[in-house]
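Undergrad: Provide a 3D model corresponding to the input given below.
(2 chains)
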Amino acid sequence: MEEKDKIELLKDILFADDHEFEKKISQRVDLLEQTIEEHEKLSEKVKPIVIHEIEEFKKSIPDTLGPTITQTLKEEIKNHQDKVVDVLYPILGKMVKKYVAQEMKVLSNKMNGQIGFLAFWKRKAKSAFTGEKEENIMFDNLNSAKIQQVLLIEKDSGILKASFAKSNAIDEEMVSGMLTAIKSFVEDAFIQRDQELESIEYELYQIHLQSFATHYIAVVISGNFDLNAKNKLQDIIFDFYHSFMAMNLDLVFKTSSTEKSIIPVSKSHVEKELKKYFGNAKI
Amino acid sequence: MRKSKKIVVLGHFGVGKTSLIRRFVTDTFSDKYKVTIGVHITKKLVEISAENKMSLILWDLEGTDDIVSIRNSYLLGTHGAVFVFDASRPSTFQHLNEDLKIIREKISEVPLMVVGNKLDLVDKNLLKNVFEEHGINANYLTSAKTGDGVNQLFLNLATLLASDA
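TA: Residues are numbered from 1 along each chain as shown, chains lettered A, B, ... in the order given. Have a look, this model is predicted:
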């Protein structure tokens, strides 16, 4: 036996245990690799099936769970009506309350006007002369058009020159601006240039717009604003505007001879005129 | 006596016109962007002096890519104008002089303020160079977010209008 062979034999004897251990580790590693590969292969096959099943489940929810959920909700609402009311009242209650309050206020104002001494005798007299029932006359009066607010607005800028309102309204300067913007937009977009926007309607009210050369007048009206009422209102507006223009012209003539600068008619003066023309106007 | 003056605020999309007005009127700011459609009108009472108060009726006009397309009817009878650009977005001011020329043709004889907004998003020194490069001369630099320069802009405009009246 040669020296080299002896060394190999000695190695085998000395490292016999190590070889065994190495072999076991190698087997375990192979086993692990095989498991992982199998898992990945399985995952590739199973994943689309699982996704498909989830999608199918989502689609079937309205049919499978929907009726159950609906039924449960119905029962819960039926069994706990007080709680539902508690939850919904702050939202719906406020809306209903606001609407009813507004309607009651309008009705109350109209009723106050109708049960007055003068209104009572007027109604009696009208009934006697026309043969119409008193309650019909009262109803017609209740539903008749009423002027709520008048705004005199500079046509181009939308600046409010003067106003008259029966009750406190929202910021009139901003309303004037918005009305002018709406008017400009509508006239630009939908109507021929030589035509004007004449009215805007919203629920219980209607805004009548009457344009002049430099200004326009917006009148907020409640009640039944028919053609007859419109004609009467236009007459009042024309009378007022004639007076307003006359005031301006007076100033021009008065100041031109004295070479003073022209001071526009004061807002308070115009507002007095507005009240005079529109305050007790019947349309 | 209190006077009312109409001010139009105009400029390209998303330059912060609405935010600028909101900061001035209600002293608030929101990061959420809401597009203005048509026009939105707000009002602020400005005290120029103890005896001299002025109602500024602010017309916030919708943003546009093309200044020519602004509705002339919205500009009618205005007493002053504020042109806003976004100091952090060169596309909103690189044609500033042409834009101003178009506006001047539409509103010739009223005070016009040129405002670079969103100052909080830019470096002032870099901005100076960019402005020089583009030949830009902004009257005011503001930030609706921090409030820098906003009150001063509208107060100065109101004072100018009061002195013109």
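Undergrad: pretty sure A:Gln206 is touching A:Asp226, no?
TA: No. Using CB atoms under 8 Å, A:Gln206 makes no contact with A:Asp226, being 10.6 Å away. Any C-beta I mention is one placed from the backbone N, CA and C, and that applies to glycine too.
Undergrad: the more surrounded of these two?
TA: When A:Gln206 is set against A:Asp226 and neighbours are counted by other CB atoms under 10 Å in any protein chain shown, the residue ahead is A:Gln206, at 20 against 11.
Undergrad: helix or strand: which one has B:Phe85?
TA: For B:Phe85, the host element (DSSP states H and E) is strand B:80-86.
Undergrad: and whatever helix or strand comes next after that strand, anywhere near chain A?
TA: Going down the chain from strand B:80-86, the next helix or strand is helix B:96-106, by DSSP H and E. No. Using CB under 8 Å from any CB of the partner chain, helix B:96-106 never reaches chain A; the gap is at least 12.9 Å.
Undergrad: which parts of chain A sit against chain B?
TA: A:154-160, A:171, A:173-174, A:177-178, A:181, A:184-185, A:187-188.
Undergrad: of those residues, select the buried ones using a ChimeraX command.
TA: Burial among those is assessed by 16 or more other CB atoms under 10 Å in any protein chain shown; the matching ChimeraX selection reads:
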select /A:154,155,156,157,158,159,160,173,174,177,178,181,184,185,187
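Undergrad: what about the residues of chain A next to chain B, which are in helices?
TA: Cross-referencing the residues of chain A next to chain B against helices under DSSP state H gives A:173-174, A:177-178, A:181, A:184-185, A:187-188.
Undergrad: skipping adjacent residues, who's closest to B:Leu119 in space?
TA: Leaving aside its chain neighbours, B:Leu119 sits nearest to B:Ser143 (4.2 Å; criterion: CB to CB, 6 or more residues apart in numbering or on different chains).
Undergrad: host element of that neighbour?
TA: Here B:Ser143 is assigned to no helix or strand, by DSSP H and E.
Undergrad: ok, now the one 10 residues further on?
TA: Under the criterion DSSP H and E, the helix or strand holding B:Leu153 is helix B:150-164.
Undergrad: now the helices for the stretch 1-150 of chain A?
TA: When secondary structure is read from DSSP state H, counting those that start in this stretch, the stretch 1-150 of chain A shows helices at A:3-14, A:16-64, A:66-79, A:81-88, A:94-114, A:117-130, A:134-143.
Undergrad: so what's the most centrally placed residue in chain A bridging to?
TA: Centroid check for chain A by CA atoms, centre = their mean gives A:Tyr202 as the closest residue, at 12.3 Å. Listed by DSSP bridges, the beta-bridge partners for A:Tyr202 are A:Tyr205.
Undergrad: output the below-cut-off pLDDT ranges for chain B.
TA: Within chain B, the ranges that satisfy pLDDT under 70 run B:1, B:165.
Undergrad: around chain A, pick out the residues from it.
TA: So chain B meets chain A at B:4-6, B:38-39, B:41-43, B:55, B:57, B:59, B:71, B:73-74, B:76-79 (CB under 8 Å from any CB).
Undergrad: let's see 7 Å
TA: Applying CB under 7 Å from any CB of the partner chain, we find that chain B lies next to chain A at B:4, B:6, B:38-39, B:41-43, B:55, B:57, B:59, B:71, B:73-74, B:76-78.
Undergrad: list buried residues within these.
TA: B:4, B:6, B:39, B:41-42, B:55, B:57, B:59, B:71, B:73-74, B:76-78.
Undergrad: turn the residues you listed into TSV, including secondary structure.
TA: Listed next are these as TSV, based on DSSP: H, G, I helix; E, B strand; the rest coil:
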residue	secondary structure
B:Ser4	strand
B:Lys6	strand
B:Val39	strand
B:Ile41	strand
B:Thr42	strand
B:Ser55	strand
B:Ile57	strand
B:Trp59	strand
B:Arg71	coil
B:Ser73	helix
B:Tyr74	helix
B:Leu76	coil
B:Gly77	coil
B:Thr78	coil
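Undergrad: show me where the stretch 151-283 of chain A has strands.
TA: Assigned by DSSP state E, counting those that start in this stretch, the stretch 151-283 of chain A shows strands spanning A:160-165, A:199-202, A:205-211, A:215-222.
Undergrad: how about A:Lys267, what does it touch?
TA: Shown in contact with A:Lys267 (CB atoms under 7 Å, 6 or more residues apart in numbering or on different chains): A:161-162.
Undergrad: A:Lys166 reaches A:Gln148, doesn't it?
TA: Yes. Counting by CB atoms under 7 Å, A:Lys166 touches A:Gln148, with 5.6 Å between them.
Undergrad: neighbour-wise, which of these two wins?
TA: More crowded of A:Lys166 and A:Gln148, by other CB under 10 Å: A:Gln148, with 22 against 15.
Undergrad: give me the angle between whichever strand or helix holds B:Val114 and strand B:80-86.
TA: If you go by DSSP H and E, B:Val114 is part of strand B:112-117. If you take axes from the mean of the first three to the mean of the last three CA atoms, to 10 degrees, strand B:112-117 sits at 30 degrees to strand B:80-86.
Undergrad: quick revisit: in a markdown table, list the ones in helices among the residues of chain A next to chain B along with pLDDT and distance to A:Lys11.
TA: Below are those laid out as a markdown table (pLDDT from 0 to 100; distance: CB to CB, whole Å):
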| residue | pLDDT | distance to A:Lys11 |
| --- | --- | --- |
| A:Glu173 | 91 | 106 |
| A:Met174 | 91 | 102 |
| A:Gly177 | 93 | 103 |
| A:Met178 | 92 | 101 |
| A:Ala181 | 92 | 101 |
| A:Ser184 | 87 | 104 |
| A:Phe185 | 85 | 100 |
| A:Glu187 | 81 | 107 |
| A:Asp188 | 79 | 102 |
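Undergrad: and the two most separated of those?
TA: The widest separation within those, taken as CB to CB, falls between A:Glu173 and A:Asp188 and amounts to 22.7 Å.
Undergrad: could you check how far the closest residue to B:Trp59 other than its chain neighbours is from B:Leu119?
TA: Take B:Trp59 and drop its neighbours on the chain: the residue closest to it by CB to CB, 6+ apart is B:Val8, 4.6 Å away. According to CB to CB, to the nearest Å, B:Val8 and B:Leu119 sit 22 Å apart.
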